[in-house]
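Below are the sequence and a predicted model; questions follow.
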Amino acid sequence: MQQRGALRFVLGDQLSRDLSSLGDLDPAADVVLMTEVMGECTYVRHHPKKIVFILSAMRHFAQVLRDKGINVDYRTLDDPHNTHSFRSELVAAVRRHAPERVVVTEPGEWRIWEDMQSWETACGVPVELRPDDRFIASHRFFSTWACGRRQLRMEFFYREMRKRTGLLMEDSGEPVGARWNFDADNRRRLPDSLQLPPPSRFAADVSTRAVIDLVQSRFTQHFGDVEPFEFAVSADDAETAFSQFLRNALPHFGDYQDAMRQNAPTLYHARIGLYLNAGLLDPIDVCRRAEAEFKAGRAPLNAVEGFIRQILGWREYVRGIYWLKMPGYAATNYLGASRPLPAFWWTGETEMNCLAQCIGQTKREAYAHHIQRLMVTGNFALLAGLAPKEVCEWYLIVYADAYEWVELPNTQGMALFADGGIMASKPYAASGKYIDRMSDYCRHCQYDVRRATGPGACPFNFLYWNFLAENRDRLRSNQRMTLILKNLDQMPAERLAAIREQAQAFLNGLQ
Ligand code: DLZ
Ligand code: SF4
């Protein structure tokens with residue numbers, strides 16, 4: 001009698017050939033289960049482009065496995081027998097295949113991890129949960145690093161990761177270039193004359209077209225445009241996108257990492273977050289290959305260090321914070337913010353040009369780069385006191401790369417300061433001046449970025465001062481706020497009163 005094998009359950013963001021749950025796969029006895037489930041597409045109303053990306057990438061990955069002779073049990077969204085939840089699909093598959101055990105790699109999100117705790121009882125066979133070793137730092141590495149520290153700053157974690165991996169390190173143990181961080185060299189304003197490299201684009205194949213049609217017919221109420229759909233959906237195409245970035249954009253990535261330009265969504269960014277987070281690219285591999293560009297003299301240090309910091313530093317750090325602090329982290333609201341999300345966050349229809357540009361681009365592309373997210377939408381949400389829960393859900397919905405492990409710390413911690421300073425040393429609050437320095441948005445805006453009160457004053461300006469005044473007592477003990485609060489204290493009382501009155505009227509008018 002044939003020996004019963006393992007059922008290996010692969011989730012939609014686990015599309016890596018060397019996934020831990022596939023490690024010891026026996027093609028003669030094992031079955032891989034993959035399933036498109038309505039519950040995952042609708043527990044928040046994901047951007048349709050994001051749904052197309054994930055479902056199409058799942059279908060392509062299933063085909064890669066089949067081509068290797070692996071038996072894949074794949075359930076599509078429109079299969080009439082689909083029960084539309086991970087657990088019930090797994091239970092049904094266990095009945096079909098009668099495996100001796102189930103093997104799964106730990107999920108990226110807390111809600112799925114919690115659900116997994118009941119899978120063994122539900123299916124009646126052992127369920128083996130394996131670590132997700134696609135991340136460079138294990139849970140244990142992060143919690144050991146975090147243990148006993150008063151502050152969990154990314155910069156110090158990043159240095160440990162540099163030492164551990166040897167990336168951009170001299171044999172002496174010193175960082176290459178004698179500095180750990182070239183952040184200060186990442187903030188140049190983009191000259192108008194600079195020709196930007198074209199973003200990588202991939203034509204939809206027959207399989208992706210079928211998913212586009214499916215998504216178009218099923219998710220009509222979700223925010224965002226399905227077409228044009230130009231993301232890579234296979235590891236090979238994601239690799240092409242990354243190679244193009246290395247060649248065309250990395251050399252300038254460092255200088256213009258924080259710049260924004262109207263109608264230029266990608267600039268010199270790689271836009272590989274969605275590929276990394278779904279498993280189509282490997283984080284340590286992309287870091288090593290960026291380092292190789294520096295070593296070969298094809299890209300400068302500030303670019304390569306800036307890129308590696310995002311992947312080896314930020315990405316690993318936010319994942320560490322998420323698993324260290326969940327589930328309580330999702331409910332933090334240090335500043336007591338409670339204003340509902342204004343309707344224009346779902347349309348982009350606002351006279352504030354920076355927001356109109358960033359939200360409009362998000363609607364079209366399911367993408368915005370980190371400064372658009374942090375310093376335009378995130379900054380506005382912070383200054384206007386928008387409720388963290390609603391803001392977090394928005395970010396999780398609208399970006400093709402967003403899963404809760406990466407979205408939540410970036411939003412709660414970095415953008416909204418809702419965690420009270422676990423991640424950021426101070427709120428990332430900025431007036432219109434910052435946006436004007438880093439973009440061309442203000443030039444095309446009907447508000448005047450130089451004004452903080454009166455007709456035509458830029459809302460980011462009066463909201464900024466209003467935010468500081470409102471949170472003065474909470475922020476006073478923070479040493480990094482001392483200088484900023486001193487400026488506030490020195491403002492003439494009538495001017496501050498006028499600013500606050502205008503801010504209040506503006507906020508009351510938000511709906
Ligand atoms: C995000 C997502 C969506 C939209 N759809 C599916 C799906 O149909 N099937 C699937 O296996 N995974 C999907 N995902 C990704 C999961 O939500 C993801 O695995 C969890 O969020 C854990 O990170
Ligand atoms: Fe945004 Fe103010 Fe600049 Fe307009 S003037 S684009 S609202 S920062």
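Noted; the coordinates are in hand. Ligands and ions are numbered 1, 2, ... in the order given.

Could you pull up the contacting residues of residue 448?
Contact analysis of residue 448 by Cβ atoms under 8 Å, 6 or more residues apart in numbering lists 456-458. To be clear about C-beta, it is placed using only N, CA and C from the backbone, and glycine gets the same treatment.

repeat that for 6 Å
Neighbouring residues of residue 448 by Cβ atoms under 6 Å, 6 or more residues apart in numbering: residue 456.

repeat for the one 4 residues further on
By Cβ under 6 Å, 6+ apart, the residues touching residue 452 are 461-462, 499.

Could you save these as a markdown table and add columns showing distance to residue 227?
Shown next, in a markdown table, are the contacts of residue 452 (distance: Cβ to Cβ, whole Å):
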| residue | distance to residue 227 |
| --- | --- |
| 461 | 38 |
| 462 | 39 |
| 499 | 44 |
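
For ligand 1, what is the nearest residue in the stretch 51-200 of the chain?
Going by Cβ to the nearest ligand atom, ligand 1 is nearest to residue 108 of the stretch 51-200 of the chain, at 2.9 Å.

Neighbours of that residue, how many?
A total of 23 residues lie near residue 108 under the criterion other Cβ atoms under 10 Å.

That one touches residue 405, doesn't it?
Yes - applying Cβ atoms under 6 Å, one finds residue 108 in contact with residue 405, separated by 4.7 Å.

want to throw the contacts of residue 452 into a markdown table with secondary structure?
Converted to a markdown table, these look like this (DSSP: H, G, I helix; E, B strand; the rest coil):
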| residue | secondary structure |
| --- | --- |
| 461 | helix |
| 462 | helix |
| 499 | helix |
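
Out of those residues, which is nearest to ligand 2?
Nearest to ligand 2 out of the contacts of residue 452 is residue 461 (Cβ to the nearest ligand atom; 7.1 Å).

ok, the closest residue to that closest one other than its chain neighbours to ligand 1 distance?
Distance criterion Cβ to Cβ, 6 or more residues apart in numbering; nearest residue to residue 461, sequence neighbours excluded, is residue 452 at 3.9 Å. Counting by Cβ to the nearest ligand atom, to the nearest Å, the gap from residue 452 to ligand 1 is 42 Å.

Tell me who's in contact with residue 231.
So residue 231 contacts residue 53 (Cβ under 6 Å, 6+ apart).

before we move on, what about residue 208?
Contact partners of residue 208, counting by Cβ under 6 Å, 6+ apart, are 56, 233.

That one: which element?
Per DSSP states H and E: residue 208 is located in helix 206-218.

Quick one: list the elements packing against the following helix or strand past that helix.
Following helix 206-218 in sequence order, the next helix or strand is helix 235-248 (DSSP H and E). Judged by 3 or more Cβ pairs under 6 Å, 6 or more residues apart in numbering; DSSP states H and E, helix 235-248 has no packing partners among the helices and strands.

List of residues touching the following helix or strand past helix 235-248?
Per DSSP H and E, the first helix or strand lying C-terminal to helix 235-248 is helix 250-253. Helix 250-253 is contacted by residues 268, 293, 299, 303, 307 when judged by Cβ under 6 Å, 6+ apart.

what does stretch 392-411 give?
Outside of stretch 392-411, the residues within contact range by Cβ under 6 Å, 6+ apart are 13, 44-47, 49-50, 53, 108-109, 273-274, 277, 318-319, 321-322, 362, 366, 391.

How about stretch 269-287?
13-16, 57, 136, 167, 235, 238, 242, 245, 308, 311-312, 369, 400-401, 403.

Looking at this structure, which residue is nearest ligand 1?
Counting by Cβ to the nearest ligand atom, the chain gets nearest ligand 1 through residue 12, at 2.4 Å.

Now do that residue: how many residues are near it, please.
Residue 12 has 23 neighbouring residues, counting by other Cβ under 10 Å.

same check, this time on residue 446
Neighbours of residue 446 (other Cβ under 10 Å): 8.

What of residue 285?
Using other Cβ under 10 Å, residue 285 has 12 neighbouring residues.

What separation do you get for it and residue 307?
13 Å (Cβ to Cβ, to the nearest Å).

Up against ligand 1, what does the stretch 401-511 of the chain have?
residue 403 (Cβ under 6 Å from any ligand atom).

A helix includes residue 389, no?
Yes - under three-state DSSP, residue 389 falls within a helix.

Need the pLDDT of it.
Residue 389 carries a pLDDT score of 98 in this model.

do the same with residue 2
In this model, residue 2 is scored at 47, pLDDT.

re the thing from before, do the helix holding residue 208 and ligand 1 come into contact?
No - no part of helix 206-218 sits near ligand 1 under the criterion Cβ under 6 Å from any ligand atom; the closest distance found is 9.7 Å.

which parts of that helix are buried?
For helix 206-218, the neighbour count (16 or more other Cβ atoms under 10 Å) marks 207-208, 210-212, 214-215, 218 as buried.

CA-only coordinates of it in CSV, if you can.
The C-alpha trace of helix 206-218 is given here as CSV (Å, rounded to 0.1, in the frame of the first residue of the first chain):
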residue,chain,number,x,y,z
VAL,A,206,-3.8,34.4,-20.4
SER,A,207,-3.8,33.2,-16.8
THR,A,208,-3.6,36.7,-15.4
ARG,A,209,-6.3,37.9,-17.8
ALA,A,210,-8.6,35.3,-16.4
VAL,A,211,-7.9,36.5,-12.9
ILE,A,212,-8.5,40.1,-14.0
ASP,A,213,-11.9,39.1,-15.3
LEU,A,214,-12.7,37.2,-12.2
VAL,A,215,-11.7,40.1,-9.9
GLN,A,216,-13.5,42.6,-12.1
SER,A,217,-16.7,40.7,-11.7
ARG,A,218,-16.4,39.9,-8.0
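
Got the domain ranges for this structure?
Domain ranges of the chain: 4-130, 139-197+249-325, 344-508, per automatic domain parsing.

Counting neighbours, which of the contacts of residue 452 comes out on top?
Neighbour count (other Cβ under 10 Å) singles out residue 462 as the most crowded of the contacts of residue 452, with 27 neighbours.

Identify the residue nearest residue 420 in space, chain neighbours excluded?
Excluding the flanking residues, the one nearest residue 420 by Cβ to Cβ, 6+ apart is residue 334, at 3.6 Å.

Check which helix or strand that neighbour maps to.
Under DSSP H and E, no helix or strand contains residue 334.

same question for stretch 96-112, mean pLDDT?
Here stretch 96-112 scores 97 as its mean pLDDT.

Stretch 268-281 now?
Mean predicted lDDT for stretch 268-281 stands at 96.

and that stretch, is it in reach of ligand 1?
No - if you take Cβ under 6 Å from any ligand atom as the test, stretch 268-281 misses ligand 1, and the best it gets is 8.1 Å.

how about the CA coordinates for that stretch, as PDB?
Extracted in PDB, the C-alpha atoms of stretch 268-281 (Å, rounded to 0.1, in the frame of the first residue of the first chain):
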ATOM      1  CA  TYR A 268      14.200  55.700  -8.600                       C
ATOM      2  CA  HIS A 269      12.400  53.200  -6.300                       C
ATOM      3  CA  ALA A 270      12.600  49.500  -6.900                       C
ATOM      4  CA  ARG A 271       8.900  48.800  -6.200                       C
ATOM      5  CA  ILE A 272       9.800  45.300  -5.200                       C
ATOM      6  CA  GLY A 273       8.000  45.300  -1.800                       C
ATOM      7  CA  LEU A 274       5.100  43.400  -3.200                       C
ATOM      8  CA  TYR A 275       7.400  40.700  -4.700                       C
ATOM      9  CA  LEU A 276       9.500  40.400  -1.500                       C
ATOM     10  CA  ASN A 277       6.400  40.200   0.700                       C
ATOM     11  CA  ALA A 278       4.700  37.500  -1.500                       C
ATOM     12  CA  GLY A 279       7.900  35.400  -1.700                       C
ATOM     13  CA  LEU A 280       8.800  36.000  -5.300                       C
ATOM     14  CA  LEU A 281      12.100  37.700  -4.400                       C
END
